[in-house]
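> Next comes the sequence, and after it the predicted model I'd like to discuss.
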Amino acid sequence: MSDPVISVRNLKKVYGDFVAVGGISFDVQRGEIFGLLGPNGAGKTTTLECLEGLRRPDGGSASILGVDPGREPRKLWNLIGVQLQTSGLPAAMSANEALRFFSAYHGVAPRYDLLERLGLHDKLNAQYCQLSVGQQRRLALAVALAHGPRVVFLDEPTAGLDVESRSELHALMQELRLGGTTLILATHDMAEAEKLADRVAILLRGKIVTIGTPREITATGAGWTKVSVRTERASLLQNGASFPAVRRRLEQEDYAVFFSTDPGPTVSAIIAHVEAQADRLIDLRVERPSLEERFLEITQNGGAQ
Amino acid sequence: MTAFAQHFSFEFRTGLRDRSLLLLNYLFPLGFYVMMGYLMGSINPQFIDTMIPAMIVFAVLSGTILGRPSTVVEAREAGIFRSFRVNGVPALSILAIPALTSIFHTLIVGAAIALTAGPLFKAPLPVHWPALVGITVLAAFTCAGLGALIGVISANSQVTILWSQLIYLPSMMLSGMMVPMSMLPKGLASLAKLLPATYAMQAFQGLAYGQPGQMDPRACVAILAAGGLLAFALGILLFRWDRRNETRRPHPALAALALLPYALGAALL
């Protein structure tokens, strides 16, 4: 494996008595989309701000493209692009001015194709305060990408975006990854992380409680597969029948839901039971646990695996 | 276009585009000038003698001490400085470039006042025009530094108003803009010497109008320059990128050092 683009070792950040980041370590490879997940206050934004050179860590080390963010932030800011969670542009600054302004500070020509790509081409002369929240976030992203950074930090990039804009942004992120750009994505949106991220780290109270690909993380949970069944006469509802490998069952509207450790025998037994009751299957769904379910499992267990 | 040119161009246009800045840079000083010209011309004809420098100093105070501090606070609180920081915009540019644009706005207003006060109100014109321009630039520079410093040390917009008024109101009453300094009681005259507007008025009177004043006009220029440089230096030293900036900075009370040149002036002149 090549040298990591981002290397974090035992990173710590403390605010008074509050440990925001309690000694985390991870590496990110070139062209990877790496997701930082966690509930509010888990330390995602603080971690990002330490890596972006906005906060000085209280311990440990970090390296972005060989640059220490705490010691050489100015060098770093020409190599990275940052879309901050809480940031703004001057209210009277137009999209055109924003692009020209920040491109000038990075010493590059303004890239109007980015505004086109992000659906802001007709907002070129609109002032920041006249843009919707979604448009403001897209403009912030255009500014972050304007100088062709090799590493891009995105903090809740799709917050406030409509479905179409989210989809467009996801496509842009995939495109950037294919071009070799490394993306660090902090998000609350588990579906987004599961769809986009090559690897994710789940943070809880400043610690990484699990790290891996979304598939690896969902596989390390209780390993239960969700089997949802709806029948014509609802013979599975209010029914005490037991099925092999089922560890838990519940009823959701017209569906009987079973959590199975071995879905093959479970499904066969359910079908046989329905036929024996002279009932008829209307819908049967077998789903592996989602990242969101695994995330909830971890956070509800206080980080215990 | 260079980063400096882009930044300057944006800040200059903001001074015209932003309603509150437009009001404080242009509408308020020009409106006040016209009103004072008609009103004071009949009530206090002596006022007309110092009308041009007084109204220029008023425009300087309005655009810098009243206009600038809240823009610094609002930009910090809205996360604008954070966006600037991650894109490599230095603190010096954030403080100095708006100050430069304030100087330009003041020059435009000053030109409008200086060129119309004679025909409209029969105000006496300066005998040394370059001195008028130079002192206008210097006064705007000094007060822009103080305005930036107030914005840097203030936690919110309400606090900026308090600090700004602490300079603005006494300047209006004591600096010689409304009442000649020679007519002030001794105690108030000493207090007036703590205000940059007083030194600007004295410098205008001595160097642009060639009239004797209460203080050496060259010393007044030196004190204004020292005050401006010190205010900017303190502004950069105490600058915070955001409200959670935990980087160790000197205590904001250090900003009081910005008054040192004026305190020296009060003691020595």
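That came through, no problem.
> didn't A:Glu97 look like it was pressed against B:Phe10?
Yes. Using C-beta atoms under 8 Å, A:Glu97 is in contact with B:Phe10, at 5.5 Å. All C-beta spots, glycine's among them, are computed from the backbone N, C-alpha and C.
> hey, which helix or strand in chain A has the poorest pLDDT?
With mean pLDDT, DSSP states H and E as the measure, the helix or strand of chain A carrying the lowest mean pLDDT is helix A:291-300 (a mean of 76).
> what helices or strands is that one leaning on?
helix A:190-196, strand A:199-204, helix A:214-219 (3 or more C-beta pairs under 8 Å, 6 or more residues apart in numbering or on different chains; DSSP states H and E).
> would JSON lines of those with mean neighbour count, distance to A:Leu124 and mean pLDDT be doable?
Converted to JSON lines, the helices and strands packed on helix A:291-300 look like this (neighbours: other C-beta atoms under 10 Å in any protein chain shown; distance: least, C-beta to C-beta, whole Å; pLDDT from 0 to 100):
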{"stretch": "helix A:190-196", "mean neighbour count": "19", "distance to A:Leu124": "28", "mean pLDDT": "87"}
{"stretch": "strand A:199-204", "mean neighbour count": "24", "distance to A:Leu124": "36", "mean pLDDT": "92"}
{"stretch": "helix A:214-219", "mean neighbour count": "17", "distance to A:Leu124": "38", "mean pLDDT": "81"}
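> So for chain B, which of these sits nearest?
The closest of the helices and strands packed on helix A:291-300 to chain B is strand A:199-204. By C-beta to the nearest C-beta, the value is 19.0 Å.
> mind listing what's buried in stretch B:63-83?
Going by neighbour count (16 or more other C-beta atoms under 10 Å in any protein chain shown), the buried part of stretch B:63-83 is B:63-76, B:78-83.
> and the end-to-end length of it?
End-to-end distance of stretch B:63-83 (C-alpha to C-alpha, to the nearest Å): 25 Å.
> Kindly report the same for stretch A:118-132.
Start-to-end, stretch A:118-132 (C-alpha to C-alpha) is 13 Å.
> Only the buried residues of it, if you could.
Result for stretch A:118-132 [16+ other C-beta under 10 Å]: buried residues A:Leu118, A:Leu120, A:Lys123, A:Ala126, A:Gln127, A:Tyr128, A:Leu131.
> One more: stretch A:250-268?
For stretch A:250-268, the neighbour count (16+ other C-beta under 10 Å) marks A:Tyr255, A:Ala256, A:Val257, A:Phe258, A:Phe259, A:Ser260, A:Pro263, A:Thr266, A:Val267 as buried.
> Just give the closest residue to A:Gly70, not the sequence neighbours.
Closest residue to A:Gly70 apart from its sequence neighbours, by C-beta to C-beta, 6 or more residues apart in numbering or on different chains: A:Arg56 at 5.0 Å.
> Enumerate the residues of the stretch 51-200 of chain B near chain A.
Applying C-beta under 8 Å from any C-beta of the partner chain, one finds that the stretch 51-200 of chain B approaches chain A through B:Ala75, B:Ala78, B:Gly79, B:Ile80, B:Arg82, B:Ser83, B:Arg85, B:Val86, B:Asn87, B:Gly88, B:Val89.
> what's the next secondary structure element after the helix or strand encompassing the fifth one?
Right, B:Arg82. When elements are defined using DSSP states H and E, B:Arg82 is found to belong to helix B:80-86. Heading C-terminal from helix B:80-86, the first helix or strand you meet, by DSSP H and E, is helix B:91-121.
> what are the ranges of the helices in chain A?
Using DSSP state H, the helices of chain A run over A:44-51, A:73-77, A:95-106, A:112-117, A:133-145, A:163-178, A:190-196, A:214-219, A:263-276, A:291-300.
> orientation of the last one relative to strand A:199-204 in degrees?
With axes from the mean of the first three to the mean of the last three C-alpha atoms, to 10 degrees as the criterion, the two stretches helix A:291-300 and strand A:199-204 enclose an angle of 30 degrees.
> what's the spacing between the nearest residue to A:Asn239 once chain neighbours are set aside and A:His106?
Leaving aside its sequence neighbours, A:Asn239 sits nearest to A:Ala256 (C-beta to C-beta, 6+ apart; 7.5 Å). Separation of A:Ala256 from A:His106 (C-beta to C-beta, to the nearest Å): 58 Å.
> do the same with B:Ala203
With the distance defined as C-beta to C-beta, B:Ala203 ends up 42 Å from A:His106.
> and the two? which has more neighbours close in?
B:Ala203 (28 against 18; other C-beta atoms under 10 Å in any protein chain shown).
> List the residues that contact the one residue in the stretch 151-300 of chain A that gets nearest to chain B.
Per C-beta to the nearest C-beta, A:Phe153 is where the stretch 151-300 of chain A lies closest to chain B, at 8.6 Å. By C-beta atoms under 8 Å, 6 or more residues apart in numbering or on different chains, A:Phe153 lies in contact with A:Leu48, A:Leu51, A:Glu52, A:Ile80, A:Gly81, A:Val82, A:Gln83, A:Ala144, A:Leu183, A:Ile184, A:Ala186.
> what's the pLDDT at it?
Looking at A:Phe153, its pLDDT reads 95.
> So which elements touch whatever helix or strand B:His7 lives in?
Assigning secondary structure by DSSP H and E places B:His7 in helix B:3-17. Judged by 3+ C-beta pairs under 8 Å, 6+ apart, helix B:3-17 is in contact with helix A:95-106, helix B:19-22, helix B:91-121.
> buried sites along the shortest one?
Buried residues in helix B:19-22, counting neighbours by 16+ other C-beta under 10 Å, are found at B:Leu21, B:Leu22.
> Buried residues of the helix or strand following that helix, list them for me.
Moving toward the C-terminus from helix B:19-22, the first helix or strand encountered (DSSP H and E) is helix B:28-43. Within helix B:28-43, the residues that qualify as buried are B:Phe28, B:Pro29, B:Leu30, B:Tyr33, B:Met36, B:Gly37, B:Met40, B:Gly41, counting by 16+ other C-beta under 10 Å.
> average model confidence for helix B:28-43?
Average pLDDT, helix B:28-43: 91.
> If we ignore the residues flanking it in sequence, what's nearest B:Leu120?
B:Gly37 (6.1 Å).
> so what's the one you found up against?
Each residue near B:Gly37 by C-beta under 8 Å, 6+ apart is listed here: B:Ile48, B:Met51, B:Ala117, B:Leu120, B:Phe121, B:Ala123.
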